[in-house]
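Peer 1: I need the structure of the sequence given here:
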Amino acid sequence: MTTKLEQLESAVRAVLGERAYDLTSALNELTLVVDAADYLVVMRELRDNPGTRFDELIDLCGVDYSAYGDGTWTGLRFAAVTHLLSVEHNWRLRVRTFAPDEDVPVLASLTEIWPSVNWYEREAFDLFGILFDGHDDLRRILTDYGFIGHPFRKDFPVSGYVEMRYDPLQKRVVYQPVTIDPRENTPRVIREENYGK
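Peer 2: From the prediction side, this is the model:
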């Protein structure tokens, strides 16, 4: 007797064929890695094919792999990770695709397949700087319009680049360079001899 996860894996392999070259199972979840060039076609097939019928996009998030595995990661830096749900089959699938260019990460937008991905792609753009080709309203969603950089990138400074304050002479909020000196905080842990016993 096959498990539900094995059924899902064989269904995905049947629908995608050779494009499902990197399909792994870990912690009772199935993850599919898709080439950026095939991303849009694969996602449409996963939604439309009766064998998979992933009719709902649950989530999309950006990931910066630059310090993954304590800096031992040698693959591409930026990825979009999508979670799909098939109500008909009661299946969930994680799909990961990597942007081929680290300097200007660009992936295809999924808004024409699942309109609900609109804000998720805007969030990945705002926080990681991942551009989604075909998204008709790609603008910041969480940070200020004048914000410089993308705060969830691993190379973004903890203190940021600018700070804002109210200027009573100008009677408005103004931006200025950060006045905080960067420092390293090392927590001190003090425990009793019999702690946790």
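
Peer 1: When you work out contacts or count neighbours from here on, use the C-alpha atoms and nothing else.
Peer 2: OK.

Peer 1: Any regions of the protein where pLDDT drops low?
Peer 2: Within the chain, the stretches with pLDDT under 70 are 1-2, 181-197.

Peer 1: Work out which residue lies at the spatial centre of it.
Peer 2: By Cα atoms, centre = their mean, the chain has its centre lying nearest to G62, at 1.7 Å.

Peer 1: So it, which state does it fall into?
Peer 2: In three-state terms, and counting by DSSP: H, G, I helix; E, B strand; the rest coil, G62 is strand.

Peer 1: doesn't F128 make contact with it?
Peer 2: Yes - look at G62 against F128 with Cα atoms under 8 Å: they come within range, at 6.3 Å.

Peer 1: all helices of the chain, in order?
Peer 2: 4-16, 39-48, 68-71, 118-128 (DSSP state H).

Peer 1: Could you dump these into JSON lines and include mean neighbour count and distance to F156?
Peer 2: Formatted as JSON lines, these follow (neighbours: other Cα atoms under 10 Å; distance: least, Cα to Cα, whole Å):
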{"stretch": "helix 4-16", "mean neighbour count": "16", "distance to F156": "37"}
{"stretch": "helix 39-48", "mean neighbour count": "18", "distance to F156": "28"}
{"stretch": "helix 68-71", "mean neighbour count": "10", "distance to F156": "15"}
{"stretch": "helix 118-128", "mean neighbour count": "22", "distance to F156": "10"}
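
Peer 1: and of those, who's closest to F78?
Peer 2: Closest to F78 of these is helix 118-128 (Cα to Cα; 8.1 Å).

Peer 1: For V33, see how far away the residue nearest to F98 when sequence neighbours are not counted is.
Peer 2: Residue nearest to F98 in three dimensions, not counting chain neighbours: A79, with 4.1 Å by Cα to Cα, 6 or more residues apart in numbering. A79 is 10 Å from V33, where distance means Cα to Cα, to the nearest Å.
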